[in-house]
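Trainee: how would this look folded up:
(chains A, B and C)
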Amino acid sequence: MTDITANGEKPSSINLVKVLGPTHVWALGVGIVLVGEFMGWNYSVEKGGALGSIIACWIIGLLYTCVAMIDSEVTSTVAAAGGQYTQAKHTTGPLMAFNVGLYLVLAYTMLEAADIFVFGDLIRIASESLGAEAGMVDARPFVLLAVSALAFLNYRGVFMALSVNFLITAVAFFSIIVLVVAYQFGIFTAEPLQHEGLGMGSLPYGWMGVLASFQFGIWYYLGIEGTCQAAEEVRSCGRSLPLGTMTGMITLLIAAALTWYVCAGSLPWEYLGTALAPLYDSARVSGSTVLIVLLWVGTVFSALASANGCINDAARAWFSMGRDRYLPQFFAAVHPKYRTPYRAIIFLIPIAASFGFLQLLAPTITFSILSGLLGYTFMPINMFRFRGKWPLNTIKRGYIHPFHPIPSLVLLALCAATYIAVFLGFGTQLLAMMVFYIVASVWFVLFRYKYVQRGDQFTMAWPRPKGY
Amino acid sequence: MAKYQPRKQSGVGQAFDAIFLLVLVFLALLVPLEMELAGAAKGDWLPGEMKVETATDGTIVVSNDKGLIKRTAPDGTISFENLTWEALEQTPVMQAQWGKLDMDLETAAAAITLRYDYSFSWGGLIATLAAIAGYFAFLVWQSDREYRQVIAEKFGNGS
Amino acid sequence: MFDFLQFRGPWDLIQAGAWLVSIALLLWMVWDAIRVSQQYSEDILTSSQEGVDELAMQQDGHKRG
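Mentor: Residues are numbered from 1 along each chain as shown, chains lettered A, B, ... in the order given. The predicted structure is shown next:
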């Protein structure tokens, strides 16, 4: 890596640097998502019971498989920092790209807010079990500490930030494995897993509850598609990105199944459905201090890894939009020494911190889930336009997904089902979100589009699209 | 085609745009919360045949066919009558796990006797889905118009 | 009103430390950002281009297509 601030000729341009490998991609993808197994997914149990939750986990797993297939094909061809935003401006057009960019920024920033809130609350819980009086320790300084320390790490360079993410994500994943093994083989704890005794086979709300639990089923995987945000900083992107994303998806499917298995076998569903940190509670029930401490550490690390990855992804999406003037150009600055989108990183800190301070976990998560869901609804549109404008033999694709158009159609149907699920649980918030995106779109068309670059934003070396 | 040169935006304009989006994000999250409509509220629930009455002093009394009664006073205090683990249909395994979570019968009962109501209006559902579909249709349509300008500038006119 | 000035144990110190460290980190980032803006012109700071691989360009004089 060359430091262009070194004395000598004046630099003509400052770009992000390609320093990341497949492990960083894995750490970015899994790091963001793994916290979903430590908190949040269990709201799907509240919606539809434990059995409903695992059904939702599988069906939403199918949704994400479709997303990953489509994403891999387009990303293996479009390798730039904005991820789906960059895909949207190449395949669909500026207004769509503006909306997709906002989905990305909001999905990640709200997820980050939820992460740091959980982090602060875990510190508070730990302080109380270490003897502090209830109510004496305030979670907010720790919320702020988490966000500012992680932003600082991101500010100083992507390589370090994602290397740290790899370490803490691996520890968090390891803690889930240890918990399952401990329960299964009676190490550290004599407690058995008792799925039957806890009423596993029943659906308290019937199939309606299964549908409703789709909403938080998203939380098992939300953010895995964020790997393509790193495209501009990954060495040999065409190989590393699909590799990191696929191994990440496999890790998550394993982690989700194990998490559900151990939690549903140790906690009554009425409790599990509203718990703050279900895996930690599962360790508490085991009665083993080793497991309690390990799962506390795992939960804390997963929250930090997720917030770290979210800062990375949200800032890159915000930065890319600034670079094309979809947002003020001010945010398109790259730090000359650390090579990071430093202004975007700083700008997003107060948003995450203030939502973290609000301490409203379920609405914040819903905000994030809805933004993610709107992004997944865009993926089939993306795919149809991509294949329509550049049929298979016209440009070189790194990966071609099979069975087109079936994944796109399945994805569309599953998105519709998930909208119904959100409507059942958070109908007003769904409408408020739609109003938000519609107002933002109208604002973009009327007041913002005039600042946007036209031909220059199309950066791929592709031939003219068919039909234009 | 002449290259479109976007106007350079002033610093004040840039700041305004950034703040505008920021305010919009906060409104989108806070307005539903202020209206107290963000999440589906849970209602009282008891196992078996359930009956809901409101007493003269405003207390909500929920009872079932097995004699279990849940009272919610106007000030929000909850009390139960004939409360047992069996009345809540909790197996011995469940009882033991509640115990390990440091939750006694009363605390557990407060969590168990609340459930969602998933009844909904078809009109509301169809209107919401139509709004989402309409939003995406508008996005694709408007984007396509703008996309033609991008392509025309990048590749020149005529295809 | 000045309850927060009372010392109630080690957790108060830890909390105060968390506030201070966070504020210091935030101030450093803002200070560094301002300093960078003064040292470099806005045109150079915002000069990054999508799809440019700087290392490849340095190595073989490869030009963007």
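Trainee: so for stretch A:380-397, what's the average pLDDT?
Mentor: Stretch A:380-397 carries an average pLDDT of 92.
Trainee: Contacts for it, please.
Mentor: Residues from elsewhere that reach stretch A:380-397, judged by C-beta atoms under 8 Å, 6 or more residues apart in numbering or on different chains: A:70, A:73-74, A:76-77, A:84, A:87-88, A:91-92, A:96, A:400, A:404-405, A:407-409, A:411-412, A:462-463, A:465-468, B:136, B:140. Heads up, the C-betas are built off the backbone N, CA and C, glycines and all.
Trainee: got the end-to-end distance for that stretch?
Mentor: 18 Å (C-alpha to C-alpha, to the nearest Å).
Trainee: cool, and stretch A:73-91?
Mentor: 13 Å.
Trainee: do stretch A:268-278 as well
Mentor: 11 Å.
Trainee: mean confidence score for whichever strand or helix holds A:V285?
Mentor: Using DSSP states H and E, A:V285 sits within helix A:278-286. Here helix A:278-286 scores 94 as its mean pLDDT.
Trainee: Could I get the full set of strands for the chain?
Mentor: If you meant another chain, say so; for now it's chain A. Counting by DSSP state E, chain A forms no strands at all.
Trainee: that's the other chain; I wanted chain B
Mentor: For chain B, strands defined by DSSP E occupy the ranges B:42-44, B:50-54, B:60-64, B:69-72, B:78-81, B:114-116.
Trainee: To chain C, which of these lies closest?
Mentor: Proximity to chain C, assessed across these by C-beta to the nearest C-beta, is greatest for strand B:78-81 (31.9 Å).
Trainee: Packing partners of that closest one?
Mentor: strand B:69-72, helix B:105-112 (3 or more C-beta pairs under 8 Å, 6 or more residues apart in numbering or on different chains; DSSP states H and E).
Trainee: Contact partners for A:M434?
Mentor: Shown in contact with A:M434 (C-beta under 8 Å, 6+ apart): B:T128, B:A131, B:I132, B:Y135.
Trainee: at 7 Å instead, please
Mentor: B:A131, B:I132, B:Y135 (C-beta atoms under 7 Å, 6 or more residues apart in numbering or on different chains).
Trainee: Can you turn the buried part of the contacts of stretch A:380-397 into a PyMOL selection?
Mentor: Under the burial definition 16 or more other C-beta atoms under 10 Å in any protein chain shown, those of those that qualify are selected in PyMOL by:
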select buried, (chain A and resi 70+73+74+76+77+84+87+88+91+92+96+404+407+408+411+412+462+465) or (chain B and resi 136+140)
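Trainee: okay, now whichever residue of chain B sits closest to chain C: neighbour count?
Mentor: The minimum distance from chain B to chain C, using C-beta to the nearest C-beta, falls at B:G11 (9.8 Å). When neighbours are defined as other C-beta atoms under 10 Å in any protein chain shown, B:G11 has 10 of them.
Trainee: Excluding covalently adjacent residues, which one is nearest to it?
Mentor: A:F330 (7.7 Å; C-beta to C-beta, 6 or more residues apart in numbering or on different chains).
Trainee: Of all the strands of chain B, which one comes closest to A:Y205?
Mentor: Closest to A:Y205 of these is strand B:114-116 (C-beta to C-beta; 6.8 Å).
Trainee: what helices or strands is that closest one leaning on?
Mentor: Packing partners of strand B:114-116 (3 or more C-beta pairs under 7 Å, 6 or more residues apart in numbering or on different chains; DSSP states H and E): strand B:42-44.
Trainee: Give me the distance between the closest residue to A:T65 other than its chain neighbours and A:F378.
Mentor: Among residues not flanking A:T65 along the chain, A:M249 sits closest, at 7.3 Å (C-beta to C-beta, 6+ apart). For A:M249, the distance to A:F378 equals 19 Å [C-beta to C-beta, to the nearest Å].
Trainee: Could you give the separation of the longest helix anywhere in chain B from the chain centroid?
Mentor: In chain B, taking DSSP state H as the definition, the longest helix is helix B:122-155. Centroid separation for helix B:122-155 versus its chain: 26 Å, with C-alpha atoms, centre = their mean, to the nearest Å.
Trainee: In which helix or strand does the nearest residue to A:S12 once chain neighbours are set aside reside?
Mentor: Nearest residue to A:S12, sequence neighbours excluded (C-beta to C-beta, 6+ apart): C:S47, at 7.1 Å. Here C:S47, judged by DSSP H and E, is contained in no helix and no strand.
Trainee: Now C:S47. Its backbone dihedrals?
Mentor: C:S47 has phi and psi values of phi -90, psi 0 when expressed as degrees, to the nearest 10.
Trainee: what about it, distance to A:P341?
Mentor: With C-beta to C-beta as the criterion, C:S47 and A:P341 are 13 Å apart.
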